[in-house]
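**Q** Provided below for reference: sequence and predicted model.
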Amino acid sequence: MSNNNKGYVQVYTGNGKGKTTAALGITMRASGAGKKIAFIQFMKALGYSEQKVLPTLPGVTWKTLGKPFFIAKAGSISEEDLAQYGGACVVFEEGNPPAEYVKMINDGFSEAREMVLSGDYDMVVLDEINCAMYFGLISVEEVLDLIRSKPVHTELILTGRCAPEEIIEAADLVTEMREIKHYYNEGVEARKGIEN
């Protein structure tokens, strides 16, 4: 198989803006090239602007697993930030994430795994899967097993902050989005069509 027909593993991570945006751009490009794409969003509720467009792109199958509530590891969020969530954030001890979140992510990952292994898709995007691993909602080993098992022609894209080192090692392309400056720090909230 030539390098032009081989599917690689891409990771978009880091604390800067643009990880999902990069995956969306590649999805649009692949759709324009007549490819078949699965775009699965982990840890994202309905309400993002791209969710109105993704299902309309030729060749794109889109799914979001939802987000029942915000989660944070104990010690990783200030009392002030926690107060802003107004009870909509569940804080958990390391290694003990909320069971319903774990089930939702694992059920979604099983479906994503079937899509990847079917060989029916030229590209599969696992949006925010890195965050799901960071929070312990899915094991790094399960994702590594999927990377090792994917059909040779399938492009696999993983997005989200905090990509585990093992995933970075296994990937063919890794881009780290690094925040240098952001207007959030000036109090600007997420804007429809730009961040949301």
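**A** It's in. Only a predicted model underlies this, so the values are computations on that prediction, with no experimental measurement involved. Residues are numbered from 1 along each chain as shown.

**Q** After the lowest-mean-pLDDT helix or strand in the chain, which helix or strand is next?
**A** In the chain, the helix or strand scored least confidently by mean pLDDT, DSSP states H and E is helix 79-85, which has a mean of 83. Under the assignment DSSP states H and E, the closest C-terminal helix or strand after helix 79-85 is strand 89-92.

**Q** Now do the helix or strand that that next one is followed by: which elements does it pack against?
**A** Once strand 89-92 ends, the next helix or strand along the chain (criterion: DSSP H and E) is helix 99-118. Contacting helix 99-118 under the criterion 3 or more Cβ pairs under 8 Å, 6 or more residues apart in numbering; DSSP states H and E are the following elements: strand 37-41, strand 60-64, strand 123-127, helix 129-134, helix 140-149. Just so you know, the C-beta spots here come from the backbone N, C-alpha and C atoms, and that holds for glycine as well.

**Q** so how far is the fourth one from its chain's centroid?
**A** Same thing as helix 129-134. 7 Å (Cα atoms, centre = their mean, to the nearest Å).

**Q** Please work out which residues outside it touch it.
**A** The contact list for helix 129-134 (Cβ atoms under 8 Å, 6 or more residues apart in numbering) reads 11, 13, 42-43, 105, 109, 138-140, 143, 158-164, 167.

**Q** cool, and the third one?
**A** Outside strand 123-127, the residues within contact range by Cβ under 8 Å, 6+ apart are 7, 20, 23, 26-27, 30, 35-42, 44, 112, 115-116, 143, 150, 154-160.

**Q** Buried residues, that strand. List them.
**A** For strand 123-127, a neighbour-count test (16 or more other Cβ atoms under 10 Å) marks 123-127 as buried.

**Q** partners of that strand, with directions?
**A** Next to strand 123-127 in the sheet, as set by DSSP bridges, lie strand 37-41 (parallel), strand 155-159 (parallel).

**Q** Between helix 99-118 and it, find me the angle.
**A** With axes from the mean of the first three to the mean of the last three Cα atoms, to 10 degrees as the basis, strand 123-127 and helix 99-118 are set at 170 degrees to each other.
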